[in-house]
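S.K.: structure of the sequence below:
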Amino acid sequence: MLPIKRIKQTAAVVISAAMAVVFGTAGYYSAKLPDHIVTSAGSSVTFAAYPEIQCSDGSTLSLFGAIPVKSVTVQDTGETALIAGGQPFGIKLLMEGVMVTKLGQIKTRSGGICCPAQDAGIEVGDVIRYADGTAVTSNAQLQAMIAKGEAVQLDIDRDGKDIKAELIPVQSYGSGKYRGGMWVRDSIAGIGTITFVNKETGEFAGLGHPVCDSDTGGIVPVHSGEAVPATITDTRKGERGIPGELHGSFAHGSSYGVITCNDSTGIYGRLTADALEEMSENCPELPLGCRQEVTEGEAFILSTVTGEGVKAYTAVIEKIDLSPDDTRNMVIRITDPELLEITGGIVQGMSGSPIIQNGKLIGAVTHVFVSDPARGYGIFADTMYTR
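M.R.: Now for the predicted structure:
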């Protein structure tokens with residue numbers, strides 16, 4: 001028989017080990033579950049991916065209703081039905097300021113070599129908002145100020161921080177013109193896919209990821225923008241290691257509406273009355289599917305990859321990530337034989353294609369796996385709806 005002291009010591013060890021397991025399990029779920037949950041029309045907070053997790057008092061997630069995991073905020077959107085998209089659209093953005101895309105050395109009239117922009121502390125990716133106190137709206141405007149040959153006081157946005165710089169132009173050896181030693185961009189254009197439209201407000205969402213500058217990788221700050229109808233003219237099929245791409249043309253003289261925002265979750269704007277009426281008549285209206293309703297398994301996407309318009313293609317959701325502050329929420333795999341034959345799976349330009357599961361709009365296609373074109377990421381629709 002074990003002595004009483006030994007029994008107490010053994011019990012303490014067992015209890016400590018059990019507590020460690022409990023707290024470790026709670027920590028695991030805390031990292032996996034979101035901080036903010038969206039519900040539609042008072043639906044309960046239950047997770048298809050984690051049925052063992054319950055919301056005990058409206059704001060506390062717990063394991064089997066007994067072990068608290070984390071506190072969350074719950075947002076009820078009411079009866080939310082959205083027009084599911086799938087149409088390609090042209091994106092025309094004018095930047096809020098100009099973005100520095102490249103720095104370069106200049107040979108001066110005196111025979112020296114220098115880079116005035118670099119000397120001023122300017123970096124690639126900087127967004128120049130003001131020059132001598134005047135809002136910068138175009139590359140031509142800034143270049144006209146530099147061409148005067150006088151020092152220019154710049155106000156710069158660098159990753160959200162305000163930076164001051166003094167640019168002193170130099171006279172180029174070849175042309176005799178004053179240069180700043182930098183290349184800047186004031187606009188950008190591309191093709192994406194509309195994810196959904198709010199029939200009540202005309203607001204639309206697309207892409208599921210930001211429009212970024214091709215040289216710097218930075219999110220393009222929007223001063224103004226326009227969404228225009230686009231027609232898919234050609235498809236470059238994706239292959240392992242080589243992403244595919246949709247090629248298209250913009251409809252001249254036509255407009256879907258204005259673009260008002262470009263952020264980490266996508267492109268947002270408002271449709272014209274004519275565009276809203278057209279989409280209301282031709283596109284299905286589906287309830288918003290919240291992240292806790294999404295399950296691994298069968299789904300389909302709506303996309304336009306040929307001139308035949310929007311079609312539904314089968315897919316499988318292979319993995320779900322509910323963790324906070326993440327926009328790569330799902331791993332999806334295209335299974336539709338027709339789509340695989342045409343595109344190889346997911347290609348550039350399909351970003352924003354709505355993902356449908358169990359009759360609800362649950363997300364949008366965002367990225368392709370370069371190593372496997374049949375697979376890619378998706379973002380939750382409730383992230384885009386409540387951003």
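
S.K.: only C-alpha atoms for contact and neighbour calcs from this point on.
M.R.: OK.

S.K.: excluding chain neighbours, give the residue nearest to Val222 in space.
M.R.: Nearest non-adjacent residue to Val222, counting by CA to CA, 6 or more residues apart in numbering: Met95, 4.7 Å away.

S.K.: ok, that neighbour touching Gly218?
M.R.: No - using CA atoms under 8 Å, Met95 is not in contact with Gly218, being 12.0 Å away.

S.K.: more crowded one of these two?
M.R.: Between Met95 and Gly218, counted using other CA atoms under 10 Å, Met95 has the larger neighbour count: 22 against 18.

S.K.: got a list of what that one touches?
M.R.: Residues counted as contacts of Met95 (CA atoms under 8 Å, 6 or more residues apart in numbering) are Thr137, Asp186, Ser187, Ile188, Val220, Pro221, Val222, His223, Ser224.

S.K.: by neighbour count, which of those residues wins?
M.R.: Going by other CA under 10 Å, Val220 tops the contacts of Met95 with 28 neighbours.

S.K.: can you show me the helices along the chain?
M.R.: Here the chain has its helices, by DSSP state H, at 4-32, 116-119, 139-146, 273-282, 337-343, 381-385.

S.K.: how about the residue nearest the centre of the chain: what's its closest non-neighbour residue?
M.R.: In the chain, the centroid-proximal residue (CA atoms, centre = their mean) is His209; its distance is 1.7 Å. Once flanking residues are discounted, His209 sits nearest to Gly266: 4.2 Å by CA to CA, 6+ apart.

S.K.: can you tell me how far the residue nearest to Val222 sits from Val45?
M.R.: 40 Å (CA to CA, to the nearest Å).

S.K.: domain ranges for the protein?
M.R.: Following automatic domain parsing, the chain resolves into domains at 4-76, 105-180, 190-385.

S.K.: returning to that earlier point: pLDDT value on the residue nearest to Val222, please?
M.R.: The per-residue pLDDT reported for Met95 equals 86.

S.K.: can you check Ala41 too?
M.R.: 67.

S.K.: again with Thr80
M.R.: 79.

S.K.: number of residues surrounding it?
M.R.: Thr80, neighbours per other CA under 10 Å, totals 16.

S.K.: rewinding a little: if I pick the residue nearest to the centre of the chain, what's in contact with it?
M.R.: Asp263, Ser264, Thr265, Gly266, Ile267, Ser351, Thr366.

S.K.: most neighbours, which of those?
M.R.: Thr366 (30 neighbours).
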